[in-house]
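Undergrad: quick one: sequence and predicted model below, then my questions.
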Amino acid sequence: MYGIHASLVTPFTRSGEVDVKSLERLAVHCLDSGADGLVALGTTGEAAMLSAAEQRTVLEVCRAVSIEHGTPLTVGAGTIGTEDSIRQARERAPLADALLVVVPYYLRPSDEGVIDHFAAIGSAVDIPLIAYHVPYRTGKPLPAETLLRILALDCVAGIKQCAGAVDHDTLTVLAAHTRKAILCGDDAYLYPMLQLGASGGVTASACLAPAGYAAMAAATRDGNAPRALALHNALLPMADALFSEPSPSVLKACLVDEGLIDEPAVRAPLHAPRPESVAAALRAFRAV
């Protein structure tokens, strides 16, 4: 799993249903503009606030677009418990090329328990897992040693690393050259992660500016460091502005302004963003 994978929002209609036409339009826009793949039912997609039927609708739309473009679809999965995570993984695997499985949250199990969790899910499905390490959301940080043990599992194809920084554990994992995908999940840190050898990124900001992120990744691959740095410096203010309020509220409002989705609605407990936050993000986007 390499390159830029756009983590899709789930658009809603004015009456609160999943907006299939907007979702399809956004997915096509991301891929036509250079994204290497799509991620559905992630945090950006408000997956936890969707019913089972709505989740299925999102997957069917994204699967169809991915097949048409010949690009991979990664699908979010995983809950607080292993049994329920296995159930969810089995339900979603038939429409996915890989599953993005979050480290179990809230309970803060032992590192051994986390490793066993990924091994159990991987043995239950026949597609690869991408381990999603996001300790500022789960409350469960994993040291480099444990991350490398997870990457050593046959069922794990890579890791989405969201440490909120390029910390020492991230440096250690990148330096290990595991031959598995190390994906940056913090939009602001994508450039330094790519420069240090990351395979790519899973980015919500790529919904709004897929061409910019694709160009930054391409410049890195081509060894054009000045071009990649210039793109990073241009994209960073936009990424910061998009995450100035709980995601994806600002992002959705910007996507409406650009005509990529029809309504900016988010589901409770998320709130509509302040107008000044949206204005700041749009200014930054248009300056890219």
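TA: Structure received. Numbers count the residues shown, from 1 in each chain.

Undergrad: quick one: the strands in the stretch 151-288 of the chain?
TA: 156-161, 181-184, 200-203 (DSSP state E, counting those that start in this stretch).

Undergrad: can I get the ones you listed in CSV with distance to residue 126?
TA: Just so you know, the C-beta spots here come from the backbone N, C-alpha and C atoms, and that holds for glycine as well. As requested, the strands of the stretch 151-288 of the chain are exported to CSV (distance: least, CB to CB, whole Å):
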stretch, distance to residue 126
strand 156-161, 13
strand 181-184, 18
strand 200-203, 22
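
Undergrad: could I get those strands as a markdown table with mean pLDDT?
TA: Shown next, in a markdown table, are the strands of the stretch 151-288 of the chain (pLDDT from 0 to 100):
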| stretch | mean pLDDT |
| --- | --- |
| strand 156-161 | 98 |
| strand 181-184 | 98 |
| strand 200-203 | 98 |
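
Undergrad: how about these, which one is nearest residue 39?
TA: In terms of CB to CB, the element of the strands of the stretch 151-288 of the chain nearest to residue 39 is strand 200-203, at 5.4 Å.

Undergrad: quick one: contacts of the closest one?
TA: Residues outside strand 200-203 that contact it (CB atoms under 8 Å, 6 or more residues apart in numbering): 1-7, 36, 39, 42, 74, 100, 160, 181, 183-185, 187, 190, 193-194, 213, 217.

Undergrad: among those residues, which are located in helices?
TA: Mapping the contacts of strand 200-203 onto helices (DSSP state H) picks out 190, 193, 194, 213, 217.

Undergrad: pull the most distant pair out of those.
TA: The distance between the two most remote of the ones in helices among the contacts of strand 200-203 (CB to CB) is 12.3 Å, for 193 and 213.

Undergrad: among the two, which residue is more densely surrounded?
TA: Neighbour count, other CB atoms under 10 Å: between residue 193 and residue 213, residue 213 has more, with 33 against 22.

Undergrad: most packed of the strands of the stretch 151-288 of the chain?
TA: strand 200-203 (a mean of 28; mean count of other CB atoms under 10 Å).

Undergrad: residue 240 and residue 188 touch, don't they?
TA: Yes - assessed by CB atoms under 8 Å, residue 240 is found in contact with residue 188 at 6.4 Å.

Undergrad: so for those two, which residue has more residues nearby?
TA: residue 188 (20 against 15).

Undergrad: isn't that one right next to residue 236, touching?
TA: Yes - with contact defined as CB under 8 Å, residue 188 reaches residue 236; the gap is 6.0 Å.

Undergrad: the stretch 101-250 of the chain: helices as residue ranges?
TA: 111-124, 135-138, 144-151, 168-175, 190-195, 210-221, 225-242, 249-257 (DSSP state H, counting those that start in this stretch).
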